[in-house]
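Asks: Just need the structure, nothing else, for what follows:
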Amino acid sequence: MRHPDLSTKEGRKAHRHEMRMVAVRPRRWGLWLLTAGFLLVLTPSALNVHSLFGLWPPMLGAACIIVGVPLLVASVVLKRRYLRQRVAGQAMVGRIKG
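Replies: Sure, this is the predicted structure:
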């Protein structure tokens, strides 16, 4: 896979799109879980709701946050690994073509 030509508008757009698509699922799920967890933590004080399906909302919120943070960390790790492998692959192709 070649690097997009960053000197053109289309190349920059292709590069941004490619970088956005790396590890999109863990990042998306992590953000949704963090948002849901934050809202659940605030629910008792904001809406005076002290039981949600028989469970305590701050406990559910903490569980969502505890699951969401590692997903976000995993997405960062996956993105960095992808970039490192891509750059290493391009360096190898450059050496082969010489």
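Asks: Could you use CA atoms for every contact and neighbour count after this?
Replies: OK.
Asks: tell me the helices in this structure, going along the chain?
Replies: For the chain, the helices defined by DSSP state H cover 9-21, 24-47, 57-97.
Asks: quick one: the first one to helix 57-97, angle?
Replies: I take that to be helix 9-21. Direction vectors for helix 9-21 and helix 57-97, defined by axes from the mean of the first three to the mean of the last three C-alpha atoms, to 10 degrees, enclose an angle of 130 degrees.
Asks: buried residues in helix 9-21?
Replies: Buried residues in helix 9-21, counting neighbours by 16 or more other C-alpha atoms under 10 Å, are found at A14.
Asks: next one: stretch 40-52
Replies: L40, V41, L42, T43, P44.
Asks: And the nearest residue in space to the third one that is not next to it in sequence, what's its pLDDT?
Replies: What that stands for is L42. Spatial nearest neighbour of L42, excluding adjacent residues (C-alpha to C-alpha, 6 or more residues apart in numbering): P58 at 7.4 Å. P58 carries a pLDDT value of 88.
Asks: so P58 touches V49, yeah?
Replies: No - between P58 and V49 there is no contact under C-alpha atoms under 8 Å: 10.4 Å.
Asks: Where does pLDDT dip in the chain?
Replies: Along the chain, the parts satisfying pLDDT under 70 run over 1-4, 90-98.
Asks: So for it, the centremost residue is which one?
Replies: In the chain, the residue lying closest to the centroid (C-alpha atoms, centre = their mean) is R27, at 2.1 Å.
Asks: Next one: that one relative to E10, how far apart?
Replies: Plainly put, R27 is 25 Å away from E10 if you go by C-alpha to C-alpha, to the nearest Å.
Asks: same question, L83
Replies: 20 Å.
Asks: cool, V41 as well?
Replies: V41 is 44 Å from E10, by C-alpha to C-alpha.
Asks: just F53 next, same as before
Replies: F53 is 50 Å from E10, by C-alpha to C-alpha.
Asks: can you check V73 too?
Replies: V73 sits at a distance of 30 Å from E10 (criterion: C-alpha to C-alpha).
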